[in-house]
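# Okay, sequence plus prediction incoming.
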Amino acid sequence: MIVSEIEKLCRAIHTLKSDTSFTVRGNVANEETFNKIEWTTGVDEIGSTIFTKTCPHSEITWDKVSEEMSKLWLM
């Protein structure tokens with residue numbers, strides 16, 4: 001089975017940090033599009049999710065995610 005790009009991205013991020021919450025809109029194919037991921041950082045006083053486009057996890061970088069994704073081309 002060939003794994004989709006979005007599935008590879010999600011698996012790669014969760015391999016690096018399993019409890020990471022984020023939202024992806026569109027394809028993430030390079031560092032520029034990786035930097036558009038919306039990372040969940042918490043919940044405000046009315047229960048709405050707080051997002052940032054700056055990854056709050058030092059262990060998750062485009063280079064590391066890209067490396068993990070390259071390992072997942074086939075399952």
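Here it is on my side, so go on.
# and R25, what does it touch?
36, 38 (CB atoms under 8 Å, 6 or more residues apart in numbering). In this view, the C-beta of every residue, glycine as well, is placed from N, C-alpha and C.
# Quick check: pLDDT value at it.
The score at R25 is 91. That number is its pLDDT.
# Show residues contacting stretch 48-61.
So stretch 48-61 is contacted by 13, 16-17, 20, 23, 35-44 (CB under 8 Å, 6+ apart).
# repeat that for 7 Å
13, 16-17, 20, 23, 35-36, 38-44 (CB atoms under 7 Å, 6 or more residues apart in numbering).
# Which members of those occur in helices, if any?
Mapping these onto helices (DSSP state H) picks out 13, 16.
# Just the ones of the contacts of stretch 48-61 in strands?
Judged by DSSP state E, strands contain the following of the contacts of stretch 48-61: 23, 38-43.
# hmm, back to that, among the contacts of stretch 48-61, who's most crowded?
When those are compared by neighbour count (other CB atoms under 10 Å), I13 ends up highest, at 25 neighbours.
# For it, which non-adjacent residue is closest in space?
Counting by CB to CB, 6 or more residues apart in numbering, I13 lies nearest to T20, which is 5.5 Å off, once chain neighbours are set aside.
# Quick one: list the elements packing against the helix or strand that contains T33.
Per DSSP states H and E: T33 is located in helix 31-34. Here helix 31-34 touches helix 62-70, going by 3 or more CB pairs under 7 Å, 6 or more residues apart in numbering; DSSP states H and E.
# list the buried ones in the helix it packs on?
Of the residues in helix 62-70, 62, 65-66, 68-69 count as buried by neighbour count, 16 or more other CB atoms under 10 Å.
# Using PDB, write out every CA atom in it.
C-alpha atoms of helix 62-70 as PDB (Å, rounded to 0.1, in the frame of the first residue of the first chain):
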ATOM      1  CA  TRP A  62      11.000  20.500   8.600                       C
ATOM      2  CA  ASP A  63      14.300  18.700   8.300                       C
ATOM      3  CA  LYS A  64      13.300  16.100  10.900                       C
ATOM      4  CA  VAL A  65       9.800  15.700   9.500                       C
ATOM      5  CA  SER A  66      11.000  15.400   6.000                       C
ATOM      6  CA  GLU A  67      13.500  12.700   7.000                       C
ATOM      7  CA  GLU A  68      10.800  10.700   8.800                       C
ATOM      8  CA  MET A  69       8.400  11.100   5.800                       C
ATOM      9  CA  SER A  70      11.000   9.700   3.500                       C
END
